[in-house]
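Chemist: model the following, please.
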Amino acid sequence: MRTIPIHLPETVFSALRKNPEEFIQEMRIAAAVKWYELSEISQAKAAEVAGLSRAEFISALSRYQVDFMQYTAQELVEELANVD
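Modeler: Sure, this is the predicted structure:
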């Protein structure tokens, strides 16, 4: 895993009442949820970015009020056709 330093003002941590580690984790989740909502990444990739299991990511989607189904009708048909 690659580590990337992010410089943030000290005041941002108190904005969400979180310590730096909790804040960074919430930032990862928020980014993953938004990218998933915009259909830029898959649900599996978003869960990976967020550092969550797929089930935990679906719960995060609910918390952010984002629909867990981001499929077009055609994509859903294709996905269901590939189920073994």
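Chemist: for the record, mean pLDDT for the longest helix belonging to the chain?
Modeler: When the chain is parsed with DSSP state H, its longest helix is helix 20-37. In this model, helix 20-37 has a mean pLDDT of 95.
Chemist: also stretch 41-51?
Modeler: Mean predicted confidence for stretch 41-51 is 94.
Chemist: can you give the contact residues for it?
Modeler: Here stretch 41-51 makes contact (CB atoms under 8 Å, 6 or more residues apart in numbering) with 25, 28-29, 31-33, 35-36, 53-54, 56-58, 60, 68, 70. (Each C-beta comes from the backbone N, C-alpha and C, glycine too.)
Chemist: just the buried ones from those residues, in ChimeraX syntax?
Modeler: A single ChimeraX command selects the buried members of those (16 or more other CB atoms under 10 Å):
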select :29,32,33,35,36,57,58,60,70
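Chemist: of the contacts of stretch 41-51, which is the nearest to residue 77?
Modeler: Closest approach to residue 77 among the contacts of stretch 41-51 (CB to CB): residue 70, at 14.8 Å.
Chemist: what packs against the longest helix of the chain?
Modeler: helix 11-15, helix 43-50, helix 54-63 (3 or more CB pairs under 8 Å, 6 or more residues apart in numbering; DSSP states H and E).
Chemist: so what touches it?
Modeler: Residues contacting helix 20-37 (CB under 8 Å, 6+ apart): 6, 8, 12-13, 16, 18, 41-43, 46-47, 49-52, 57, 60-61, 64, 66, 70.
Chemist: ok, back up a step: which one of the helices and strands packed on helix 20-37 lies closest to residue 81?
Modeler: Of the helices and strands packed on helix 20-37, the one closest to residue 81 (CB to CB) turns out to be helix 43-50, at 17.9 Å.
Chemist: okay, the angle between that closest one and helix 20-37?
Modeler: Angle between the axes of helix 43-50 and helix 20-37 is 160 degrees (criterion: axes from the mean of the first three to the mean of the last three CA atoms, to 10 degrees).
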